[in-house]
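In: okay, here's the prediction I keep looking at, along with the sequence it came from:
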Amino acid sequence: MAASHGDLRHLLPGNYKRLISEWLEEDCPSLDYGGFVVGETEGEARLLGKSNGIVAGVPFFDEVFSQLGCTTEWHVKEGDALTPIQHCATVRGPIRKILLGERVALNILARCSGIASKSATMLAALRAQGWQGILAGTRKTTPGFRIVEKYGILVGGADPHRHDLSSMTMLKDNHVWACANNRAAADGGVKDTESIESIAAAIPRAVQAAKATGGFSTKIEVECRSVEEANAAIGAGADVIMLDNFTPDGVREAARQLKHDWAGKGRPFLIEVSGGLTEENAPAYTCPDVDILSTSSIHQGTGIVDFSLKVSLR
């Protein structure tokens, strides 16, 4: 787990605090009528974990209440497993401010913890098969909420994959098809987006164009529909080969063949498998020749871990 190497909050960029401010403003853009009723009475609230799961999102929860002039004392550590009903933290400050931040803080914590829990559960299922590769998320994240979702993946022990388009050059089918068609149009030829041969022929051009701009520090990944396309990508110097939408048997055979055929030749490469992977079917794709399984199922449409705040006067 990434958290075993240190406090994950040290990864967070400064702009996450600005995001918290925006989320608070979104939730109360005008007058706080309920807060008027409560007034400035000092008090505290107990954060209760009400369902099974892993606690994740502590720095975001803390920042919500910090911006409102409240303090948070945690009684569990981030990454701990919950057993309902558990007293996880105590928030202290003006009751009005606690209630002002309540829903924003709980929403963030519930979603982040749900993602961490799903990531940990799926990773455990893969480890149970004896597979020691990397379980990764994808870029299919919620606009404006990506930092929280990627953070939850890390707390759950999985790999966040690339954080944005600048993190790594990923040449998907559309990139390669466009490259093939652009060259065909420039040469006065007929556009062809279906032929495996034409796509495989375009992959080296796409990889070289990516290398020319990304430089030595930017890895290149190529989405491949066949062994022919994978061989073209490896020969062009791609760092990661994504076998997309293969069957489990197809993955095992393709990965074994590619690792065998390219052993000792050229630069080393990683094999990633993606496309419709879930906790139920992913174990079937594990084999020694597969380095990475990537899936949006650990962060997109996942459930939550249920929390609540119970307020009392001091």
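Out: Yep, it's here.
In: pull out the buried positions in the longest helix along the chain.
Out: Secondary structure of the chain per DSSP state H: the longest helix is helix 95-127. In terms of neighbour count (16 or more other CB atoms under 10 Å), helix 95-127 has its buried residues at 95-102, 104-120, 122-123, 125-126. The way it works is simple: take the backbone N, C-alpha and C, and place the C-beta from them, glycine included.
In: and the next element down the chain from it?
Out: strand 134-136 (DSSP states H and E).
In: in PDB, could you pull the C-alpha coordinates for the helix or strand just after that following strand?
Out: Counting by DSSP H and E, the next helix or strand C-terminal to strand 134-136 is helix 146-155. C-alpha atoms of helix 146-155 as PDB (Å, rounded to 0.1, in the frame of the first residue of the first chain):
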ATOM      1  CA  ARG A 146     -10.400  13.700  -9.800                       C
ATOM      2  CA  ILE A 147      -7.900  14.500  -7.000                       C
ATOM      3  CA  VAL A 148     -10.200  12.900  -4.400                       C
ATOM      4  CA  GLU A 149     -10.800   9.800  -6.500                       C
ATOM      5  CA  LYS A 150      -7.200   9.200  -7.300                       C
ATOM      6  CA  TYR A 151      -6.300   9.700  -3.700                       C
ATOM      7  CA  GLY A 152      -8.900   7.100  -2.700                       C
ATOM      8  CA  ILE A 153      -7.300   4.600  -5.100                       C
ATOM      9  CA  LEU A 154      -3.900   5.200  -3.500                       C
ATOM     10  CA  VAL A 155      -5.300   4.600   0.000                       C
END
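In: so Thr72 sits in a strand?
Out: Yes. Membership of Thr72 in a strand is supported by DSSP: H, G, I helix; E, B strand; the rest coil.
In: what pLDDT does it get?
Out: On pLDDT, Thr72 comes in at 98.
In: could you pull out the helices for the stretch 201-314 of the chain?
Out: 227-236, 248-261 (DSSP state H, counting those that start in this stretch).
In: check contacts around Trp262.
Out: Ile234, Phe269 (CB atoms under 8 Å, 6 or more residues apart in numbering).
In: and it, how close does it get to Ser217?
Out: Going from Trp262 to Ser217 by CB to CB, to the nearest Å gives 23 Å.
In: does Ala232 really touch Ala206, like I thought?
Out: No. In terms of CB atoms under 8 Å, Ala232 does not count as a neighbour of Ala206; the distance is 9.7 Å.
In: the longest helix of the chain to helix 146-155, inter-axis angle?
Out: 50 degrees (axes from the mean of the first three to the mean of the last three CA atoms, to 10 degrees).
In: now helix 95-127: average pLDDT?
Out: Averaged across helix 95-127, the pLDDT comes to 97.
In: equivalent analysis for stretch 262-274, please.
Out: Here the average pLDDT along stretch 262-274 is 93.
In: okay, now the unreliable bits of this protein?
Out: Applying pLDDT under 70 to the chain picks out residues 1-5, 182-197, 314.
In: got the domain boundaries for it?
Out: 2-122+302-312, 159-294 (the TED database).
In: closest one to Thr141 among those domains?
Out: domain 159-294 (9.1 Å; CB to CB).
In: measure the closest one end to end?
Out: By CA to CA, to the nearest Å, the extent of domain 159-294 from end to end equals 9 Å.
In: roughly how far is it from the heart of the chain?
Out: 20 Å (CA atoms, centre = their mean, to the nearest Å).
In: and Leu293, what are its bridge partners?
Out: Per DSSP bridges, the residues bridged to Leu293 are Leu135, Val273.
In: residues touching the residue lying closest to Thr138 once chain neighbours are set aside, list them.
Out: Excluding its sequence neighbours, the residue lying closest to Thr138 (CB to CB, 6 or more residues apart in numbering) is Ser296, at 4.4 Å. By CB under 8 Å, 6+ apart, the contact list for Ser296 reads Gly137, Thr138, Lys140.
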